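Asker: need a 3D model of the sequence below.
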Amino acid sequence: MEKYAIMGGQPLRGEVEIGGAKNAALAILAAAVMTDEPVVIENVPDVRDTNVLLKAMENIGVMIDRSERHTVKMNSSQICDCIIDDEYMKKIRASYYMIGALLGKYKKAEVPLPGGCNIGIRAIDQHIKGFKALGAEVRIAHGSIIAEAKELRGSHIFMDKVSVGATINIMMAATMATGKTIIENVAKEPHVVDLANFLNSMGANIKGAGTDVIRIKGVEKLHRTEYAIIPDQIEAGTFMMAAAASRGDVTVKNVIPKHLECITAKLLEIGCRVEEYDDAVRVIADKAISSTQIKTLPYPGFPTDMQPQMTVALGLAHGTSIVTESIFDNRFKYVDELMRMGASIKVEGNTAIITGVEKYTGARITAPDLRAGAALVLAALVAEGETVIEDIKYIERGYEDFEKKLQGLGARIEKIDSDRDLKKFRFRIAQ
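Answerer: Okay, the predicted model is just below:
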């Protein structure tokens, strides 16, 4: 089982290039099956989640050419089945995007109930509500969601709560429905807008993505397109937070600064300097950081996917910080691991009370999920001594070449597979 071996204590300095947004890629790859014509998608991150999705799509007849690492050429004209029966698909949350795509195009879909990280209840009731409003019959049987419709008709749908997944799924299903669909109280995340732009590039008629109301006029068919996915907001934020936690100086390239404003605002608040450029941000942490309060909220609020990374940084801040998690109910599982490294954190319900400490110390720890795993890597990079992080498969779900990018910033981190590898790592570090 692969692990990360990390020797902490080095401020991160230099430049890092951000890849395509994982969450946008998963939705866009799914939506690409809605045309029979060839589609070329660029800036696709080479991470476990996208690879699992592409494999499952191949299994239903989608022809995929990935001769270039970050470019996917797809042709879905030979889809032979609308049943996704893939053991690996049960392990990723984005499996449900295939429901909206297949239902929209073929009026039927059967997809395993989604898995992914165990960070709390992520009900699919809003997805089902939207599909039913469009005229589909939906049921759950044998561990799968089954949706069918003779015809999908436009409808007026009000979301009971803001849900990124449901917004994306309903938008895809409504794209080829008869008539007009209005979806209110929708998610406004950058990858929702990116999906709408992608569908529009194929001939869809979607307006309002990025606002509270999305209006869709159904079209009969979609056509070929070439499209580049936006940069990953969360990967960028993770490296920005790594600069803050390590008292470093990191320029994060290939980003859209507008998407990072909520993260930038908090970094400024705790005492970092942030310089913005057209497609880059530079984070300079040349003095001790101070405490603050954070509450996770739907975009444009502070993202739940950045909460663990922020908590790691605040664990080293002067004073007491309060972090409130309002999106998921089980997102503080990593706190026990962080406390093994010397953090002082008390969790009460959905709130963490963080008393800053002078330093973290290395330990053998386990990544409980994707973003918490990345946060623990940040903690290890600034800790005194050696840390070994297990279960890095979670981290690889969403970060491409994570250890290599960190090495490029001066981090002492390696991927290892055995005690022998660990001894070699220690030897190299000691030189």
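Asker: mind listing what's buried along the helix or strand T50 falls within?
Answerer: Assignment of secondary structure by DSSP states H and E places T50 within helix 48-59. Within helix 48-59, the residues that count as buried by 16 or more other Cβ atoms under 10 Å are 48-54, 56-57, 59. To be clear about C-beta, it is placed using only N, CA and C from the backbone, and glycine gets the same treatment.
Asker: swap in stretch 61-78?
Answerer: When burial is assessed from 16+ other Cβ under 10 Å, stretch 61-78 yields the following buried residues: 62, 70, 72-76.
Asker: let me see the contact set for A177.
Answerer: By Cβ atoms under 8 Å, 6 or more residues apart in numbering, the contact set of A177 is 104, 134-135, 152-155, 216, 218.
Asker: what separation do you get for G398 and A21?
Answerer: As for G398, its distance to A21 is 10 Å (criterion: Cβ to Cβ, to the nearest Å).
Asker: my bad, L113
Answerer: Distance of L113 to A21, given as Cβ to Cβ: 24 Å.
Asker: ok, these two, which is more surrounded?
Answerer: A21 (28 against 14; other Cβ atoms under 10 Å).
Asker: what pLDDT does the more buried one get?
Answerer: Model confidence at A21, given as pLDDT, is 98.
Asker: for it, which non-adjacent residue is closest in space?
Answerer: The shortest distance from A21 to any residue other than its chain neighbours is 4.2 Å, reached at D232 (Cβ to Cβ, 6 or more residues apart in numbering).
Asker: pretty sure the one you found sits against E17.
Answerer: No - taking Cβ atoms under 8 Å as the contact criterion, D232 and E17 are not neighbours in contact, 10.8 Å apart.
Asker: more neighbours: which of the two?
Answerer: Neighbours of D232 and E17, each counted by other Cβ under 10 Å, are more numerous for D232; the result is 28 against 16.
Asker: contacting residues for that one?
Answerer: D232 makes contact with 18-24, 45 under the criterion Cβ under 8 Å, 6+ apart.
Asker: of all the contacts of A177, which comes closest to I28?
Answerer: Distances from I28 to these, taken as Cβ to Cβ, are shortest for G104 (13.9 Å).
Asker: part of a strand, is that closest one?
Answerer: No - G104: not assigned to a strand; according to DSSP: H, G, I helix; E, B strand; the rest coil it is helix.
Asker: right, and it touches M172 too?
Answerer: Yes - under the criterion of Cβ under 8 Å, G104 makes contact with M172 at 5.0 Å.
Asker: okay, and the common contacts of those two?
Answerer: What both G104 and M172 touch, as defined by Cβ under 8 Å, 6+ apart, is the set M34.
Asker: now the two most distant members of the contacts of A177.
Answerer: Of all pairs drawn from those, the one with the largest separation by Cβ to Cβ is G135 and I216; the distance is 14.3 Å.
Asker: tell me which of those two has more neighbours.
Answerer: Taking other Cβ under 10 Å, G135 and I216 do not tie; I216 has more neighbours (27 against 17).
Asker: kindly state the pLDDT recorded for the more buried one?
Answerer: With respect to pLDDT, I216 scores 98.
Asker: which SS class is it?
Answerer: Local secondary structure at I216 is given as strand here, using three-state DSSP.
Asker: how about I327?
Answerer: Secondary structure, three-state DSSP: I327 is coil.
Asker: what of I145?
Answerer: If you use three-state DSSP, then I145 falls in the strand class.
Asker: hmm, V111 and it touching each other?
Answerer: Yes - using Cβ under 8 Å, I145 and V111 qualify as a contacting pair, with a distance of 5.5 Å.
Asker: comparing those two, which shows the higher neighbour count?
Answerer: Neighbours per residue, other Cβ under 10 Å: of I145 and V111, the larger number sits with V111, 27 against 24.
Asker: which residue is the nearest non-sequential neighbour of that one?
Answerer: Once chain neighbours are set aside, the closest to V111 by Cβ to Cβ, 6+ apart is I84, at 4.6 Å.
Asker: who touches that neighbour in this structure?
Answerer: 56, 59-60, 95, 98, 109-112.
Asker: where's the dip in pLDDT among these?
Answerer: S95 (79).
Asker: which stretches of the stretch 101-250 of the chain form strands?
Answerer: Using DSSP state E, counting those that start in this stretch, the strands of the stretch 101-250 of the chain run over residues 108-112, 137-141, 144-148, 156-158, 180-184, 205-207, 213-217, 225-228, 249-253.
Asker: can you redo those as JSON lines with distance to G410?
Answerer: Listed next are these as JSON lines, based on distance: least, Cβ to Cβ, whole Å:
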{"stretch": "strand 108-112", "distance to G410": "42"}
{"stretch": "strand 137-141", "distance to G410": "49"}
{"stretch": "strand 144-148", "distance to G410": "46"}
{"stretch": "strand 156-158", "distance to G410": "50"}
{"stretch": "strand 180-184", "distance to G410": "46"}
{"stretch": "strand 205-207", "distance to G410": "44"}
{"stretch": "strand 213-217", "distance to G410": "44"}
{"stretch": "strand 225-228", "distance to G410": "30"}
{"stretch": "strand 249-253", "distance to G410": "10"}
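Asker: need the winner for burial among those.
Answerer: Comparing these on average neighbours per residue, with mean count of other Cβ atoms under 10 Å, the densest one is strand 108-112 at a mean of 23.
Asker: which strands or helices does that one pack on?
Answerer: Using 3 or more Cβ pairs under 8 Å, 6 or more residues apart in numbering; DSSP states H and E as the contact definition, the elements that strand 108-112 packs against are helix 97-106, strand 144-148.
Asker: quick one: closest of the ones you listed to T292.
Answerer: Comparison of those against T292 by Cβ to Cβ identifies helix 97-106 as nearest, at 34.7 Å.
Asker: how far does that closest one sit from the chain's center?
Answerer: Helix 97-106 sits 21 Å away from the centroid of its parent chain (Cα atoms, centre = their mean, to the nearest Å).
Asker: that helix packs against which elements?
Answerer: On a contact count with 3+ Cβ pairs under 8 Å, 6+ apart, helix 97-106 meets helix 22-31, helix 48-59, strand 108-112, helix 125-133, strand 144-148, helix 164-175.
Asker: right, and these - which one's nearest I353?
Answerer: Each of these was checked against I353 via Cβ to Cβ, and the shortest separation belongs to helix 164-175, namely 28.2 Å.
Asker: quick one on the thing from earlier: which one of the strands of the stretch 101-250 of the chain lies nearest to M310?
Answerer: Put simply, out of the strands of the stretch 101-250 of the chain the one that sits nearest M310 is strand 249-253, at 15.7 Å, with distance taken as Cβ to Cβ.
Asker: elements contacting the closest one?
Answerer: Contact here means 3+ Cβ pairs under 8 Å, 6+ apart; on that basis strand 249-253 packs against strand 13-17, helix 233-245, strand 280-284.
Asker: ok, back up a step: list residues touching both of I145 and V111?
Answerer: The contact sets of I145 and V111 overlap at 96, 99 (Cβ under 8 Å, 6+ apart).
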